[in-house]
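In: here is a sequence with its predicted model. Questions after.
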Amino acid sequence: MVDSVRASLKHRYSSFTEQSPHETLEDPVSLSTLRKLYLTPHSALPHTTDRENITITYQPGALSPYPPVKLLNPIEKKRVLVTGGAGFVGSHLVDRLMLMGHSVICLDNFFTGSKANVAHWIGHPNFELIRHDVVDPILVEVDQIYHLACPASPVHYQSNPVKTLKTGFFGTYNMLGLSKRVKARFLLASTSEIYGDPEEHPQKESYWGHVNCVGPRACYDEGKRVAETLAYSYHRQDNVDVRVARIFNTFGPRMNWNDGRVVSNFILQALKDEDLTVYGNGKSTRSFQYVHDLVDGLILLMNSDCKEPVNIGTQEEFTIDQFAEMVIELVKRATGKCESKLIHMPALEDDPQRRKPDNSRAKERLNWEPKWNVVDGLAETVKYFKIQLEERP
Ligand SMILES: O=C(O)[C@H]1O[C@H](OP(=O)(O)OP(=O)(O)OC[C@H]2O[C@@H](n3ccc(=O)[nH]c3=O)[C@H](O)[C@@H]2O)[C@H](O)[C@@H](O)[C@@H]1O
């Protein structure tokens, strides 16, 4: 199974150019097909109130207004639940699963997710959108569950810490209970935050972490730690088939406008010619991966036999000052000008000082490694936010 999944993922990277000669509409995951889903300006979409006569957007001559999805035979076609499927990462995962031909249920409470992120699939026979909060139980018959639902930006998860903890515990508990009942394989979207402010660098999966359990980040960090504990407890006690992805900093199109994380903040500030707000001395580090690489990793992990936690992240490490300079440079390239400067603000409490994954387990067990570098990913994200800014009233 994992080989066929890998085969359908690898083609996409033959070239990053818009007009790759290798891309065909039969390819379920070609980059140009993906790009149409998030880099098409709203104004370029067909506008009609008559659904019968809707303009064909994605494949001239075809009879469907939807992006072309692969036709799978019933044995290969999985029923997949994606919790948090209307969020930033979740919606890219939904796109990929849909294009691969699976039947996808997207579940979201729309706290940080948005219907606009998955609007292009609404009405498709393979797609269902359910407004639901994972804190409450739900019963759906599925084969696989990707459990992503939880606010991930520090600004959002700290805005209601008790709710974040409830999502970490009860949300995961409910989804594991569902996995047990319907015998679905379960993948938890865990996080590099479970390592806290790490004393080991780079961080291996064997590292137990350094989290301040009474600090402002604890609602998220401890919520994800207990979510991992729940997953492995259900595995030991009830033989639930679990996978755990520890996701490192991820960026890309569809990050929330008001996300508050460094990538969207810096890009929007630079596009508006505002100064870039660096918290602390700018010497702390992060390793930023592009969202398509993460989605590859999640799909490969789900379809692998690897039950241990796996880091999914890139090893390109930057100080926040370096990262800010890079954003300014890329915005200059995209717009022809950018007058922004760096301003240093007070440091955030318990902000991890260094973060970089040891991703050798992902390489060995999943044959996964990032294919995008930060500059290419950032250029595409700048393009996305530029379109968003131009279209805002
Ligand atoms: O991006 C992610 O995927 C991760 O984002 C956050 O972790 P964090 O590393 O704190 O992410 P940011 O809020 O983007 O901060 C990164 C660094 O940039 C700094 N920062 C952030 C925002 C800003 O405007 N300026 C600024 O200097 C922060 O202080 C921090 O040192 C979440 O807590 C993680 O769960 C998530 O996996």
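Out: The structure has been received and is ready for your questions.

In: who does the helix or strand hosting Glu329 touch, helix- and strand-wise?
Out: In the assignment (DSSP states H and E), Glu329 maps to helix 320-335. The contact analysis (3 or more CB pairs under 8 Å, 6 or more residues apart in numbering; DSSP states H and E) places helix 320-335 against helix 262-271, strand 276-279, strand 285-287, strand 342-345, helix 374-391. For every residue, glycine as well, the C-beta is placed using N, CA and C.

In: make it 6 Å
Out: For helix 320-335, the packing partners by 3 or more CB pairs under 6 Å, 6 or more residues apart in numbering; DSSP states H and E come out as helix 262-271, strand 276-279, helix 374-391.

In: just for the protein, where's the confidence low?
Out: Within the chain, the stretches with pLDDT under 70 are 1-28, 43, 45-63.

In: the ligand contacts on that one?
Out: Contacts of the chain with the ligand, taken as CB under 6 Å from any ligand atom, map to 152, 154, 191-193, 220, 247, 249-250, 261-262, 265, 277-279, 284, 286, 320, 348, 351.

In: for PyMOL, write the selection for the buried entries among these.
Out: Buried residues among the residues of the chain next to the ligand (16 or more other CB atoms under 10 Å), as a PyMOL selection:
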select buried, resi 152+154+191+192+193+220+247+249+250+261+262+265+278+284+286+320
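
In: quick one on the thing from earlier: run the chain-centre distance for the helix holding Glu329.
Out: 22 Å (CA atoms, centre = their mean, to the nearest Å).

In: swap in stretch 313-330?
Out: 19 Å.

In: C-alpha coordinates for it, PDB please?
Out: Extracted C-alpha coordinates of stretch 313-330, given in PDB (Å, rounded to 0.1, in the frame of the first residue of the first chain):
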ATOM      1  CA  GLY A 313       9.800  18.600   9.700                       C
ATOM      2  CA  THR A 314      12.700  20.100   7.800                       C
ATOM      3  CA  GLN A 315      16.300  20.500   9.000                       C
ATOM      4  CA  GLU A 316      16.800  24.000   7.400                       C
ATOM      5  CA  GLU A 317      17.200  26.000  10.600                       C
ATOM      6  CA  PHE A 318      17.000  29.800  10.800                       C
ATOM      7  CA  THR A 319      17.200  32.400  13.500                       C
ATOM      8  CA  ILE A 320      14.100  34.600  13.500                       C
ATOM      9  CA  ASP A 321      16.200  37.600  12.500                       C
ATOM     10  CA  GLN A 322      17.500  35.700   9.400                       C
ATOM     11  CA  PHE A 323      14.000  34.600   8.600                       C
ATOM     12  CA  ALA A 324      12.600  38.100   8.800                       C
ATOM     13  CA  GLU A 325      15.400  39.300   6.400                       C
ATOM     14  CA  MET A 326      14.500  36.500   4.000                       C
ATOM     15  CA  VAL A 327      10.800  37.500   4.000                       C
ATOM     16  CA  ILE A 328      11.600  41.100   3.300                       C
ATOM     17  CA  GLU A 329      13.800  40.000   0.400                       C
ATOM     18  CA  LEU A 330      11.200  37.800  -1.100                       C
END
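
In: list of residues touching it?
Out: 248, 266-267, 270, 276, 278, 282-285, 287, 289, 338, 340, 342, 356-357, 370, 374, 378-379, 382 (CB atoms under 6 Å, 6 or more residues apart in numbering).

In: spatially central residue in the chain, please.
Out: Val89 (2.1 Å; CA atoms, centre = their mean).

In: tell me which helix or strand that one sits in.
Out: Counting by DSSP H and E, Val89 is part of helix 88-99.

In: sorry, back to before: just the buried residues out of the contacts of stretch 313-330, in PyMOL syntax.
Out: With 16+ other CB under 10 Å as the criterion, this PyMOL line picks the buried residues out of these:
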select buried, resi 248+266+267+270+276+278+282+284+285+287+289+338+340+356+357+370+374+378+382
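
In: quick check: end-to-end length of stretch 239-248?
Out: End-to-end distance of stretch 239-248 (CA to CA, to the nearest Å): 28 Å.

In: show me how far that stretch is from its chain's centre.
Out: For stretch 239-248, the gap between its own C-alpha mean and the chain's C-alpha mean amounts to 15 Å (CA atoms, centre = their mean).

In: cool, and stretch 34-47?
Out: So, by CA atoms, centre = their mean, the centroid of stretch 34-47 is 20 Å from its chain's centroid.

In: try stretch 192-209
Out: Counting by CA atoms, centre = their mean, stretch 192-209 is centred 21 Å from the centre of its parent chain.

In: quick one: the strands in the stretch 101-250 of the chain, in order.
Out: Applying DSSP state E, counting those that start in this stretch to the stretch 101-250 of the chain gives strands spanning 103-108, 127-131, 144-147, 185-191, 242-247, 250-251.
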